[in-house]
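A.B. asks: Quick one, fold the following:
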Amino acid sequence: MADPTPPDESVETKDPVASLAGQVRHASMGTLARLRRFDPQIHPRAALFERERMLQAAGIHAAGDEREAWALALHCLALAQGRHDPRVDAEPGKVLHTLHVSEARLEQLLEADRPLLFSLMPRLARRLAAAGATVNWRPLVDLLLGTGCGDPVREHRADAARQRLVRHYIGAQGLAEADALRAAEQHG
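C.D. replies: Below you'll find the predicted structure:
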């Protein structure tokens, strides 16, 4: 017997990163505070209800290490006050260059193994929040989900995210150098 209701292919799947960011932006002060204090490495059971509610509402049904990575992504989004923007001008590589994050710091982030990455990403989120910067979190979340996970598909996405971060960082670097040269020519 055929399934009476064929899947509606016109329905788009929800972007879990955008969903989590939106939920964080609309969360109560108490929820936001608990999510900011939550650290999956140190206090894995903190903010459990808030975290599970938001992950499920975003359509995230992962388990194990992948769920831990999504929980860390939610923690980072809370630290960054939900500032997520998928537009090209909010590419993390470009934003990090604008914030004067050194190439060595970016390299440390991109070459980090899973435990180091899990300690560096909240620091990055705090720095973005302190600067009031909005960034496209998708490549950063792909990095969290794929680094050291053992799943070839997710590891491929993490590698693509690394390339994307470097490409946009170098692109922003080139634009800044070209602007500096133009300015020097105009004044010289």
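
A.B. asks: In terms of helix, strand or coil, where does Gly148 fall?
C.D. replies: Following DSSP: H, G, I helix; E, B strand; the rest coil, Gly148 is assigned to coil.

A.B. asks: Next, the contact list for it, please.
C.D. replies: Gly148 makes contacts with Asp113, Arg114, Leu117, as judged by C-beta atoms under 8 Å, 6 or more residues apart in numbering. Every residue, glycine included, has its C-beta placed from N, CA and C.

A.B. asks: which among those residues end up buried?
C.D. replies: Taking 16 or more other C-beta atoms under 10 Å as the criterion, what is buried in the contacts of Gly148 is Leu117.

A.B. asks: Dump the contacts of Gly148 into TSV; add distance to Gly22 as well.
C.D. replies: Shown next, in TSV, are those (distance: C-beta to C-beta, whole Å):
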residue	distance to Gly22
Asp113	31
Arg114	27
Leu117	25
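
A.B. asks: Give me the subset of the contacts of Gly148 lying in helices.
C.D. replies: Arg114, Leu117 (DSSP state H).

A.B. asks: Quick one: the helices in the protein, in order.
C.D. replies: Under DSSP H, the chain gives helices at 16-25, 29-37, 48-57, 64-79, 92-98, 103-111, 114-131, 138-146, 152-187.

A.B. asks: got a markdown table for those helices, with distance to Pro86 too?
C.D. replies: A markdown table is the format used below for these (distance: least, C-beta to C-beta, whole Å):
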| stretch | distance to Pro86 |
| --- | --- |
| helix 16-25 | 7 |
| helix 29-37 | 21 |
| helix 48-57 | 19 |
| helix 64-79 | 13 |
| helix 92-98 | 11 |
| helix 103-111 | 20 |
| helix 114-131 | 15 |
| helix 138-146 | 6 |
| helix 152-187 | 13 |
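
A.B. asks: Can I get these in CSV including distance to Asp85 and mean pLDDT?
C.D. replies: Converted to CSV, the helices of the chain look like this (distance: least, C-beta to C-beta, whole Å; pLDDT from 0 to 100):
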stretch, distance to Asp85, mean pLDDT
helix 16-25, 9, 97
helix 29-37, 19, 94
helix 48-57, 19, 95
helix 64-79, 12, 95
helix 92-98, 9, 95
helix 103-111, 19, 96
helix 114-131, 11, 96
helix 138-146, 10, 98
helix 152-187, 14, 83
